[in-house]
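Enquirer: pasting the structure only:
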């Protein structure tokens, strides 16, 4: 993969199927995300359409042939928490290690600032040391730990809660 040829851009409705396949591939690894199977296409389409309609940052990494990564930031819908948001992201295994995660995250955070979002929260598994290092590099700070917060296939992992103030 040539990372220089990958474009980071806002998601469009035309990207839904390719984005769903990308997120599904990462989910099926059963290591990085809370869900382990992709959502049905109508539910995936509704999620993307809602992000677009709400002005929530949702960017993809497009290699010219496929979507190889994404980052979305969803503003909280409770009025007194509307300054806060939750971030989710992932990159296909074959495209990792080329700086795409950082590019995706920086683009989404810039869009979040422009949208008036003041705080971005995330959760990351303790075993995901690469993601934690990326988040710290960008400026996220550790806010707490849900000890044994995840249990999958009989194994526990702590869930680290991190956030950045924009």
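Expert: Nice, I can see it. For clarity, every value in this text was computed on a predicted model and none was experimentally measured. Numbers count the residues shown, from 1 in each chain.

Enquirer: only C-alpha atoms for contact and neighbour calcs from this point on.
Expert: Will do.

Enquirer: list the helices and strands the helix or strand harbouring residue 27 packs on?
Expert: With elements delineated by DSSP states H and E, residue 27 resides in helix 16-28, which encompasses its position. With contacts defined as 3 or more Cα pairs under 8 Å, 6 or more residues apart in numbering; DSSP states H and E, the packing partners of helix 16-28 are helix 41-54, strand 67-75, strand 84-91.

Enquirer: for the first one, which residues meet the burial criterion?
Expert: Translated: helix 41-54. Of the residues in helix 41-54, those buried by neighbour count under the rule 16 or more other Cα atoms under 10 Å are 44-45, 48-49, 51-52.

Enquirer: packing partners of that helix?
Expert: Contact here means 3+ Cα pairs under 8 Å, 6+ apart; on that basis helix 41-54 packs against helix 16-28, strand 58-62.

Enquirer: could you dump these into a markdown table and include distance to residue 72, mean pLDDT and mean neighbour count?
Expert: As requested, the helices and strands packed on helix 41-54 are exported to a markdown table (distance: least, Cα to Cα, whole Å; pLDDT from 0 to 100; neighbours: other Cα atoms under 10 Å):
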| stretch | distance to residue 72 | mean pLDDT | mean neighbour count |
| --- | --- | --- | --- |
| helix 16-28 | 11 | 95 | 19 |
| strand 58-62 | 4 | 97 | 26 |
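
Enquirer: identify whichever of those lies nearest to residue 144.
Expert: Nearest to residue 144, of all the helices and strands packed on helix 41-54, is helix 16-28, at 24.1 Å by Cα to Cα.

Enquirer: what's the angle from that closest one to strand 58-62?
Expert: For the pair helix 16-28 and strand 58-62, the angle between their directions (axes from the mean of the first three to the mean of the last three Cα atoms, to 10 degrees) equals 90 degrees.

Enquirer: so where's the protein uncertain?
Expert: Applying pLDDT under 70 to the chain flags residues 1, 3.

Enquirer: now residue 145: how far from residue 85?
Expert: With distances taken as Cα to Cα, to the nearest Å, residue 145 is found 18 Å from residue 85.

Enquirer: in space, not sequence, find me the middle residue of this protein.
Expert: In the chain, the C-alpha closest to the average C-alpha coordinate belongs to residue 89, at a distance of 1.7 Å (Cα atoms, centre = their mean).

Enquirer: quick one, what contacts that residue?
Expert: Residues in contact with residue 89 (Cα atoms under 8 Å, 6 or more residues apart in numbering) are 69-72, 101, 105.

Enquirer: okay, and the beta partners of it?
Expert: For residue 89, the beta-bridge partners under DSSP bridges are residue 71.
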